[in-house]
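>>> Need a 3D model of the following:
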Amino acid sequence: MKLAMPPNAIPRGSLYLTFAFLAYGTLVVRNGLVAGPWASGTALGIGFSLCIAGTLLTMFIAARRAYRAGRLLWMLATLLVWPLAYIYALYVDRGR
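As a prediction, this is how the structure comes out:
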């Protein structure tokens, strides 16, 4: 039995994680919460690293889908501009 993940699980999860990190970072900066374990540089650094890793995975997934579909312009665009990788992976080619 092979367990299959939904085709957009990584791009969607990465996008949610990025929005959550941006909202959290905005709250920390706006409210001046610079002390405490959840506002430390370590917590922000881990969140930032996870966002970067998720975005790079999404860029790879989108570029691979574009290459397999024969859309070389989309492949180059998703590798060079990271928001286009989310647009391509979640709306243009949904991996079905």
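
>>> Helices of the chain, residue ranges please.
9-31, 41-68, 72-80, 82-87 (DSSP state H).

>>> of all these, which lies closest to residue 93?
Nearest to residue 93, of all these, is helix 41-68, at 4.7 Å by Cβ to Cβ. Quick note: C-beta positions are derived from backbone N, CA and C, even for glycine.

>>> Just give me how far that closest one sits from the chain centre.
In terms of Cα atoms, centre = their mean, to the nearest Å, the gap separating the centre of helix 41-68 from the centre of its chain is 5 Å.

>>> ok so, going back, could you dump the helices of the chain into JSON lines with mean neighbour count added?
Formatted as JSON lines, these follow (neighbours: other Cβ atoms under 10 Å):
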{"stretch": "helix 9-31", "mean neighbour count": "14"}
{"stretch": "helix 41-68", "mean neighbour count": "16"}
{"stretch": "helix 72-80", "mean neighbour count": "16"}
{"stretch": "helix 82-87", "mean neighbour count": "17"}
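
>>> will you turn the ones you listed into TSV that also has distance to residue 94?
Listed next are the helices of the chain as TSV, based on distance: least, Cβ to Cβ, whole Å:
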stretch	distance to residue 94
helix 9-31	10
helix 41-68	9
helix 72-80	14
helix 82-87	12
